[in-house]
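K.L.:
coordinates only, sequence not included:
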């Protein structure tokens, strides 16, 4: 049980986390802050938060747990404000405070914290719920968003075990499966499984919509296309921040992909159907393996 | 009402069409043929077809409607068999026979028909239901597959209006919205909205699964990745045929995509976040427009 939680950033993730904390009775006093006063007002009206703060300073003033759910490039400014209010002579003035974030890139979080605080604070637990959606904003928040989803914690060497434990307990109580990962490995894995697909989907929708017949082309697109491009409806600002924050890792896997795509293009141009079908078969086996993992997870969760 | 329908090729589309014809009482005598005798046996056992033929000749012998639901590169051999059995001195020996296909590429269909019959038969109605799935095979067949889906008819200049009318009536009775399109335009539009996304998805899954940590990477992939790559579980043989049959149109849009992707890669490498966010915003607007089209269709269908 946590006495007071401050949620900074009331979007899909921040709002859903606040709702889930209340639903699972982990914390019933949740003060929220968002730079958009209308988001704060909606969150308060919908009972997503129990109090709305006009400033970050007011939100974090008496919190035991601070959850930072802002786009990753906004984290440094939030750290600076927390540093101004809660730090003195390089040390936090509050005992047992725990700070965590939910950013999709983790290297940038500890870099920003190091710049602001001089070193990564021992109470900071970098985390990442694998629970995005093309829906965004506080109105899309739901208490069940993290149920049966993975939550990756990437502890820094400075991070206190007790702080990691509190954050882990909290997410597990919300139904998430907690995984630990090295910060650099996290950013490389997510570059492939999440950031690259978003990059490709944005590019594809943009290419098709700039065709001669413009948006008319979408009239003849079907379910497979809808699934494939759904992620291109995601929040542009959030994704700009992710690509700026994880540029080198995304470039590395993007260049591998573009080289593979070039080879497959050559096979198509040459009528080399053997290469095409070999690639399709390998990919189908891998994709079916992914499906089996999802089914295993679903089965495990019913036990 | 059709007396007897022959369905050649008992996969997802052929099987679903046979089921739907029975459900809507459009035809109750459906003879099926598949080169896999186990697919034929399953189709018969499940009541998807009412009779199983051992040869194409036997299947088409007394049919009023012949539906060809085989991979597009297999169509020429099926045409040849139909030509051998039902044509004499360049003319069909059966009055009022209608032949249609369900291939994802239409140019190749009329080309194959021209090679076999000397000209496109007036009873041939090239068609394409926009109702694929990553599921395939006769066991995935369902009577509702075409409900609320689009069905594109691309009549050849030789095609009889009466044959087009019969095929159109038939699909509309199954719940499909019938659209007419020029053959070349069809193949270009589908190259962008269907064939290219499949090409990119196969390539992405193959790139990721050949990474150093191999399939372990998929453990950390989430819903967005699952949606994005679902089409990479599609039937490799069917898709090899589609790419071989529609190579020039796919290459044209693939080259545009690769050029756009290269520009977006340069922006990423240069930290040019303006270009990134402009592209993401444009793509999001287009993708949201696609969603609105789908919602309009859904609303229209409830009237």
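P.N.:
Looks like it came in fine. In this text, all values refer to a predicted model and were calculated from it rather than measured experimentally.
K.L.:
please give the element, helix or strand, for the nearest residue in space to residue A:142 that is not next to it in sequence.
P.N.:
Counting by CB to CB, 6 or more residues apart in numbering or on different chains, residue A:142 lies nearest to residue A:16, which is 5.6 Å off, once chain neighbours are set aside. From N, CA and C alone the C-beta is placed, and that goes for glycine too. For residue A:16, the element it lies in under DSSP states H and E is helix A:12-23.
K.L.:
what packs against the next helix-or-strand element following that helix?
P.N.:
Downstream of helix A:12-23, the first helix or strand assigned by DSSP H and E is strand A:30-33. Packing contacts for strand A:30-33, counted by 3 or more CB pairs under 8 Å, 6 or more residues apart in numbering or on different chains; DSSP states H and E, involve strand A:5-8, helix A:12-23, helix A:37-45, strand A:51-52, helix A:56-60.
K.L.:
at 7 Å instead, please
P.N.:
Judged by 3 or more CB pairs under 7 Å, 6 or more residues apart in numbering or on different chains; DSSP states H and E, strand A:30-33 is in contact with strand A:5-8, helix A:12-23, helix A:37-45, helix A:56-60.
K.L.:
could you redo those as TSV and give each row distance to residue A:256 and mean neighbour count?
P.N.:
TSV is the format used below for the helices and strands packed on strand A:30-33 (distance: least, CB to CB, whole Å; neighbours: other CB atoms under 10 Å in any protein chain shown):
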stretch	distance to residue A:256	mean neighbour count
strand A:5-8	36	27
helix A:12-23	29	24
helix A:37-45	39	17
helix A:56-60	40	21
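K.L.:
could you export these as a markdown table, including distance to residue B:74?
P.N.:
Compiled in a markdown table, those are given as follows (distance: least, CB to CB, whole Å):
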| stretch | distance to residue B:74 |
| --- | --- |
| strand A:5-8 | 58 |
| helix A:12-23 | 47 |
| helix A:37-45 | 56 |
| helix A:56-60 | 65 |
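K.L.:
CSV for those, including mean pLDDT and distance to residue B:184?
P.N.:
CSV is the format used below for the helices and strands packed on strand A:30-33 (pLDDT from 0 to 100; distance: least, CB to CB, whole Å):
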stretch, mean pLDDT, distance to residue B:184
strand A:5-8, 98, 55
helix A:12-23, 97, 43
helix A:37-45, 97, 49
helix A:56-60, 97, 59
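K.L.:
now the residue nearest to residue A:142: how far from chain B?
P.N.:
In this view, residue A:16 and chain B are 14 Å apart by CB to the nearest CB, to the nearest Å.
K.L.:
so which residues of chain A form helices?
P.N.:
A:12-23, A:37-45, A:56-60, A:75-86, A:107-117, A:161-173, A:183-190, A:196-209, A:223-229, A:236-245, A:247-269, A:273-301 (DSSP state H).
K.L.:
what's the least confident stretch among these?
P.N.:
Across those, helix A:223-229 has the smallest mean pLDDT, namely a mean of 81.
K.L.:
thinking again about what came up before, got the contact list for the helix holding residue A:16?
P.N.:
A:5, A:7, A:27-28, A:30, A:32, A:43, A:48-49, A:67, A:69, A:102, A:129, A:133, A:135-138, A:140-143, A:145-146, A:174 (CB atoms under 7 Å, 6 or more residues apart in numbering or on different chains).
K.L.:
how about 8 Å then?
P.N.:
Residues from elsewhere that reach helix A:12-23 (CB atoms under 8 Å, 6 or more residues apart in numbering or on different chains): A:2, A:5, A:7-8, A:10, A:27-28, A:30, A:32, A:34, A:43, A:47-50, A:67, A:69-70, A:102, A:129, A:131-133, A:135-138, A:140-146, A:170, A:174-175.
K.L.:
which of these count as buried?
P.N.:
A:2, A:5, A:7-8, A:10, A:27, A:30, A:32, A:34, A:43, A:48-50, A:67, A:69-70, A:102, A:129, A:131-133, A:136, A:138, A:141-143, A:145-146, A:170, A:174-175 (16 or more other CB atoms under 10 Å in any protein chain shown).
K.L.:
test my guess that residue A:230 contacts residue B:229.
P.N.:
No. Counting by CB atoms under 8 Å, residue B:229 is not a contact partner of residue A:230; they are 11.9 Å apart.
K.L.:
looking at the two now, which is surrounded by more residues?
P.N.:
Neighbours were counted for residue A:230 and for residue B:229 using other CB atoms under 10 Å in any protein chain shown; residue B:229 has more, 27 against 20.
K.L.:
tell me which residues touch the more buried one, please.
P.N.:
A:197, A:287, A:290, B:201, B:204-205.
K.L.:
10 Å - rerun?
P.N.:
By CB atoms under 10 Å, 6 or more residues apart in numbering or on different chains, the contact set of residue B:229 is A:193, A:197, A:227-228, A:283, A:286-287, A:290-291, B:134, B:200-202, B:204-205, B:208, B:218, B:221.
K.L.:
how about the residues of the stretch 51-200 of chain A by chain B?
P.N.:
Counting by CB under 10 Å from any CB of the partner chain, the residues of the stretch 51-200 of chain A close to chain B are A:73, A:128-134, A:149-150, A:152, A:179, A:181, A:185-186, A:188-190, A:192-194, A:196-200.
K.L.:
redo that, cut-off 6 Å
P.N.:
A:130, A:132, A:189, A:192-193, A:197 (CB under 6 Å from any CB of the partner chain).
K.L.:
dump those residues to JSON lines, plus distance to residue B:270.
P.N.:
As requested, those are exported to JSON lines (distance: CB to CB, whole Å):
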{"residue": "A:130", "distance to residue B:270": "29"}
{"residue": "A:132", "distance to residue B:270": "26"}
{"residue": "A:189", "distance to residue B:270": "25"}
{"residue": "A:192", "distance to residue B:270": "22"}
{"residue": "A:193", "distance to residue B:270": "25"}
{"residue": "A:197", "distance to residue B:270": "22"}
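K.L.:
need the contact list for residue A:173.
P.N.:
Shown in contact with residue A:173 (CB atoms under 6 Å, 6 or more residues apart in numbering or on different chains): A:24, A:26.
K.L.:
tell me how far it lies from residue A:166.
P.N.:
11 Å (CB to CB, to the nearest Å).
K.L.:
how about the residue positioned nearest the centre of chain A, phi and psi?
P.N.:
For chain A, the residue sitting closest to the mean C-alpha position, by CA atoms, centre = their mean, is residue A:104 at 3.8 Å. The phi and psi values for residue A:104, taken as degrees, to the nearest 10, are phi -80, psi -10.
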